[in-house]
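K.L.:
I'd like to go over a predicted model; first the sequence, then the structure.
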Amino acid sequence: MGILGRLGARLSETSDEIHAQNTKELCADVEGVQEIASCAPRTRTRVVGVVESIKLVPAPFGHTLEVQVFDGTERLVGVWLGTRSIPGIDLGSSLILEGVVGKFGPGLPKLINPAYELLPRESAG
């Protein structure tokens, strides 16, 4: 494909497709992780992603912190029970999550109380 063909293809991409491709390229630089799209329920996994949303959810037993990450292939939610915030986890930050993938009804796969590693800001773009 020539330069004009590549340019035309790039211009016809949606903003979501461009965001996914940029995020996928960023996450590809991290070693020892797998794509979120390839994670199977009930398996131990280690993924990397960019934080897209942070939500504090009230519950009868205490609050839960839900952090949605995206790696360019799929989204996953890290859930910390009894936690209101985690210093360093902000919108746009990159982090590695490790734990057992769960699928609890409809919605995104989740990691409950995952181990996490914050990546330096320069890795997050």
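P.N.:
All right, it came through fine.
K.L.:
next one: the longest strand anywhere in the chain to chain centre, how far?
P.N.:
The residue-count maximum for a strand in the chain (DSSP state E) belongs to strand 44-57. How far strand 44-57 lies from its chain's middle: 5 Å, per C-alpha atoms, centre = their mean, to the nearest Å.
K.L.:
toward the C-terminus, what is the element adjacent to that strand?
P.N.:
Using DSSP states H and E, the next helix or strand after strand 44-57 towards the C-terminus is strand 64-70.
K.L.:
helices and strands around the helix or strand following that following strand, which ones?
P.N.:
Going down the chain from strand 64-70, the next helix or strand is strand 75-81, by DSSP H and E. Using 3 or more C-beta pairs under 8 Å, 6 or more residues apart in numbering; DSSP states H and E, the elements in contact with strand 75-81 are strand 44-57, strand 64-70, strand 94-102, strand 110-112. Every C-beta, even on glycine, is put in place using the N, C-alpha and C of the backbone.
K.L.:
where does the prediction get shaky in this structure?
P.N.:
Residues of the chain that meet the criterion pLDDT under 70 lie in 1-2, 4-13, 19, 122-125.
K.L.:
follow-up on the earlier one: got CSV for the helices and strands packed on strand 75-81, with distance to residue 84 and mean neighbour count too?
P.N.:
Listed next are those as CSV, based on distance: least, C-beta to C-beta, whole Å; neighbours: other C-beta atoms under 10 Å:
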stretch, distance to residue 84, mean neighbour count
strand 44-57, 6, 17
strand 64-70, 6, 20
strand 94-102, 18, 19
strand 110-112, 16, 19
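K.L.:
correct me if wrong: residue 91 contacts residue 54.
P.N.:
Yes - here residue 91 reaches residue 54: they are 6.5 Å apart, a contact under C-beta atoms under 8 Å.
K.L.:
find the centremost residue of this protein, please.
P.N.:
residue 69 (2.2 Å; C-alpha atoms, centre = their mean).
K.L.:
fine by me, we can end here.
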